[in-house]
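> Provided below for reference: sequence and predicted model.
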Amino acid sequence: GDSVTQMEGPVTLSEEAFLTINCTYTATGYPSLFWYVQYPGEGLQLLLKATKADDKGSNKGFEATYRKETTSFHLEKGSVQVSDSAVYFCAPLYNQGGKLIFGQGTELSVKP
Amino acid sequence: EAGVAQSPRYKIIEKRQSVAFWCNPISGHATLYWYQQILGQGPKLLIQFQNNGVVDDSQLPKDRFSAERLKGVDSTLKIQPAKLEDSAVYLCASSLAVYQDGAFFGQGTRLTVV
């Protein structure tokens, strides 16, 4: 069935470090791909998206590129800040009926 | 634009009791999702509606969970009877153009079953 696998957390980085959170998904059709973020005590928010192969989604300094050949959508940021501390979820949306599923989440902790 | 509204925010019940959650989606959003998020895990899709029809309920435990969406707007999710393992945050989300914009989430209802 449809599934998504994310890098296990928690990930602890120092401020200004480079971030990568890996995400791979099952290639059923051509899903739209999303990253959601959940800050402490808050609800899920859409961070960025890509709707077709080779698209690059970006927001708040985060980027992710839709890689159809490797069925991946890795999240990157060149220089993380303490305020980026949150849980990040990779979420493919499958074309068959618009089914949006989530990975298990990766907790990021950024230390000053 | 008002967001997705959910109530109550918190609920504590004893096992074997029943409970209901309510969701009011963003106006005009035809797609509505209910998710269960157990602590430390990602949200698990329980049921997806398109207007007032069910698109996917393959992971809904139908012996105890039920959901409805009357008139294609508000939705309720019910658990009867509750078990300890139902303790989780129940999230409602809605979307107008999900392939382009994804879904918008409410704050959730935190259920504790004791």
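Here it is on my side, so go on. Nothing here was measured: the structure is a model prediction, and the numbers come from that model.
> which strand is the longest one in chain A?
strand A:86-94 (DSSP state E).
> does chain B sit close to that strand?
Yes: using Cβ under 8 Å from any Cβ of the partner chain, strand A:86-94 reaches chain B at A:89, A:91, A:93. Any C-beta I mention is one placed from the backbone N, CA and C, and that applies to glycine too.
> give me the neighbour count for the last one.
The reference is to residue A:93. 22 (other Cβ atoms under 10 Å in any protein chain shown).
> around chain A, which positions in chain B sit nearby?
B:31, B:33, B:35, B:40-45, B:48, B:50, B:55-56, B:91, B:93, B:95, B:98-108.
> show me which of those residues are buried.
B:31, B:33, B:35, B:42-43, B:45, B:48, B:50, B:55-56, B:91, B:93, B:95, B:98, B:102-108 (16 or more other Cβ atoms under 10 Å in any protein chain shown).
> so of the residues you listed, which ones are in helices?
Among those, the ones falling in helices (DSSP state H) are residue B:98.
> the helix or strand of chain B with the lowest mean pLDDT - contacts with which helices or strands?
One helix or strand of chain B scores below all others by mean pLDDT, DSSP states H and E: helix B:98-101, with a mean of 82. Counting contacts by 3 or more Cβ pairs under 8 Å, 6 or more residues apart in numbering or on different chains; DSSP states H and E, helix B:98-101 packs against strand A:32-38, strand A:44-50.
> can you give me the strands in chain A?
According to DSSP E, the strands that chain A contains are A:4-6, A:11-14, A:19-21, A:23-25, A:32-38, A:44-50, A:56-59, A:62-65, A:75-77, A:86-94, A:99-100, A:106-111.
> mind checking the end-to-end distance for stretch A:51-69?
15 Å (Cα to Cα, to the nearest Å).
> before we move on, what about stretch B:58-78?
16 Å.
> now do stretch B:36-47
10 Å.
> now what about it, what contacts it?
Under the criterion Cβ atoms under 8 Å, 6 or more residues apart in numbering or on different chains, residues A:6, A:44, A:89, A:99-105, B:33-35, B:54, B:56-57, B:59-60, B:65, B:67, B:77, B:87-91, B:108 lie in contact with stretch B:36-47.
> 7 Å instead, please
If you take Cβ atoms under 7 Å, 6 or more residues apart in numbering or on different chains as the criterion, stretch B:36-47 is touched by A:89, A:99, A:101-105, B:33-35, B:54, B:56-57, B:59-60, B:65, B:67, B:88-91.
> any part of the worst-scoring helix or strand of chain A on mean pLDDT near chain B?
Lowest on mean pLDDT, DSSP H and E among the helices and strands of chain A sits strand A:99-100, with a mean of 87. Yes: in terms of Cβ under 7 Å from any Cβ of the partner chain, part of strand A:99-100 sits within range of chain B, namely A:99-100.
> need the buried ones from the contacts of stretch B:36-47 selected in PyMOL.
Buried residues within the contacts of stretch B:36-47, by 16+ other Cβ under 10 Å, are selected in PyMOL with:
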select buried, (chain A and resi 89+99+101+102+103+104+105) or (chain B and resi 33+34+35+56+57+60+65+67+88+89+90+91)
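> for residue 95, what are its contacts?
You didn't say which chain, so I picked chain A. Contacts of residue A:95 (Cβ under 7 Å, 6+ apart): A:29-31.
> my bad, chain B
B:29, B:31, B:101-104.
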